[in-house]
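A.B. asks: Got a predicted structure plus its sequence, pasted below:
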Amino acid sequence: MDHLLIRPEQTGDYRAVEELHRRAFWNLYVPGCQEHYIAHVLRSHPDFVPELDLVCEVDGRVAASIMYTRSWLTDRQGTRVDILTFGPLAVDPALQRRGVGKRLMAESFRRAAGCPAVVIFGNPGNYVSSGFKSCRRYNVCLEGDVFPAAMLVRELTPGFFDGRRYRYADSPAFQIDPQAAEDFDRDFPPMERAFQPSQEEFFIHSNSVIRLPADAEPGSSE
Ligand SMILES: CC(C)(COP(=O)(O)OP(=O)(O)OC[C@H]1O[C@@H](n2cnc3c(N)ncnc32)[C@H](O)[C@@H]1OP(=O)(O)O)[C@@H](O)C(=O)NCCC(=O)NCCS
């Protein structure tokens, strides 16, 4: 990789970015994928954060993309805090596992300074080296006091989390119409939908929750 540049996404990048998400996500978590459609509709949603819509160019070509939306934490008193979530995030398959994703995340965190935290759902192996921790450590849960194994939290403002319980909610921007996603995909060159073992890994991660004994200290093994 001779030259790597991280910059805001421009209108002229839209199609290349959608193709990139399609290439990176195709058959990875389910047969086919919807992430290129999600990228397409997010940009015009009111919860989208344009200033954190970044691409990474490698040798003059768009090789990675990250998009953010607003999300929220609510404590037990009902106080709501604005935070961020990212996704889709993708690196061109030909350039994965060479540090591009990590550099793009790091730059986005720098630009997001002032925000308390980022919460995402993802394979922990991709994110713990970028400072993400289990939601359990920060006492951030979903409705019903559920702590998903794939729900990861990155503090951006050190010390923001003070032990109080927060409930996380993401933007309705992610509630997409599957039929519209299917229709949108027809505008791209055909690709075969198939099973891949990574789909089973995704099933395991996305259906797992963290449960600790009542007397366990979530932060004790930090
Ligand atoms: C996930 C993704 C964005 C990561 O970007 P990347 O450029 O490939 O990853 P990086 O090289 O920056 O590595 C990030 C971390 O992943 C882990 N990692 C990297 N290579 C790895 C490998 N071969 N095996 C296991 N883990 C690996 C490491 O923890 C690494 O950090 P470290 O080098 O400090 O230890 C990229 O692989 C991708 O687009 N994947 C397909 C789409 C996707 O899954 N997006 C995320 C949805 S949640």
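C.D. replies: Thanks, I have it. Numbers count the residues shown, from 1 in each chain.
A.B. asks: pLDDT at residue 86, what is it?
C.D. replies: The per-residue pLDDT reported for residue 86 equals 98.
A.B. asks: got the contact list for it?
C.D. replies: Counting by Cβ atoms under 8 Å, 6 or more residues apart in numbering, residue 86 makes contact with 52, 66-69, 105, 108, 118, 120. For glycine as for every other residue, the C-beta is placed from the backbone atoms N, C-alpha and C.
A.B. asks: if you set the cut-off to 7 Å instead, what comes out?
C.D. replies: Contact partners of residue 86, counting by Cβ atoms under 7 Å, 6 or more residues apart in numbering, are 66-68, 108, 118, 120.
A.B. asks: Who wins on neighbours among those?
C.D. replies: Highest neighbour count within these, by other Cβ atoms under 10 Å: residue 67, with 27 neighbours.
A.B. asks: quick one: what helix or strand has it in it?
C.D. replies: Per DSSP states H and E: residue 67 is located in strand 61-75.
A.B. asks: Of all the residues in that strand, which ones are buried?
C.D. replies: By neighbour count on 16 or more other Cβ atoms under 10 Å, the buried set for strand 61-75 is 62-73.
A.B. asks: which phi and psi does the residue in the chain positioned nearest to the ligand have?
C.D. replies: Per Cβ to the nearest ligand atom, residue 101 is where the chain lies closest to the ligand, at 2.1 Å. With angles defined as degrees, to the nearest 10, residue 101 sits at phi -60, psi -40.
A.B. asks: Quickly find the element holding the residue nearest to the spatial centre of the chain.
C.D. replies: Note on the chain: the residue nearest the mean C-alpha position is residue 87, at 3.4 Å, using Cα atoms, centre = their mean. Assigned by DSSP H and E, residue 87 belongs to strand 80-91.
A.B. asks: Any stretches of the chain with poor pLDDT?
C.D. replies: Applying pLDDT under 70 to the chain flags the ranges 2, 214-215, 217, 219-222.
A.B. asks: The ligand contacts on that one?
C.D. replies: 24-25, 28, 89-91, 96-102, 122, 125-126, 129 (Cβ under 6 Å from any ligand atom).
A.B. asks: Many thanks, have a good one.
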